[in-house]
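Undergrad: No letters, just coordinates:
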């Protein structure tokens with residue numbers, strides 16, 4: 001499995017409950033981008049778990065960690081892109097709120113139609129944090 005887990009699963013659950021910190025699943029096949037996104041989210045007070053692909057993200061979601069938000073890129077290797085992953089998450093884990101990113105601004109309309117928050121790359125830490133905060137405090141999808 002090619003995930004980049006920032007915090008061990010055992011300690012993650014305890015930290016999230018103890019501190020009431022939201023946990024974000026960060027899905028991006030570019031290691032430096034994923035690391036940047038995790039760092040920005042952690043600086044804003046979130047706990048993060050990284051995943052390389054949609055398939056890895058699904059394995060993380062099936063695990064013991066309860067994620068509040070998933071941040072995913074659109075274009076990734078494997079059978080599922082970010083939109084297909086988002087549909088799967090909306091069906092199986094409707095409580096998880098989704099933020100989708102891409103360097104292609106044309107995806108913004110598709111994201112809106114799918115009830116997803118879109119952030120165009122490249123983005124600043126403030127832009128990413130605003131999107132995460134809006135999604136975290138927005139109405140439940142379920």
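TA: On my side now, so go ahead. The structure displayed is predicted, hence computed values, not measured ones.
Undergrad: just the helices in the protein please.
TA: For the chain, the helices defined by DSSP state H cover 9-19, 31-43, 54-62, 82-92, 107-113, 125-137.
Undergrad: what angle do the third one and helix 82-92 make?
TA: Note on geometry: by axes from the mean of the first three to the mean of the last three CA atoms, to 10 degrees, helix 54-62 and helix 82-92 are set 20 degrees apart in direction.
Undergrad: Residue 20 - how many residues pack around it?
TA: 7 (other CB atoms under 10 Å). Bear in mind the C-beta positions are built from the backbone N, C-alpha and C, glycine included.
Undergrad: now the one 10 residues further on
TA: Neighbour count for residue 30, taken as other CB under 10 Å: 14.
Undergrad: so who does it touch?
TA: By CB atoms under 8 Å, 6 or more residues apart in numbering, the contact set of residue 30 is residue 73.
Undergrad: Kindly recompute the last result at 10 Å.
TA: Residues near residue 30 by CB atoms under 10 Å, 6 or more residues apart in numbering: 36, 37, 52, 73, 75, 76, 121.
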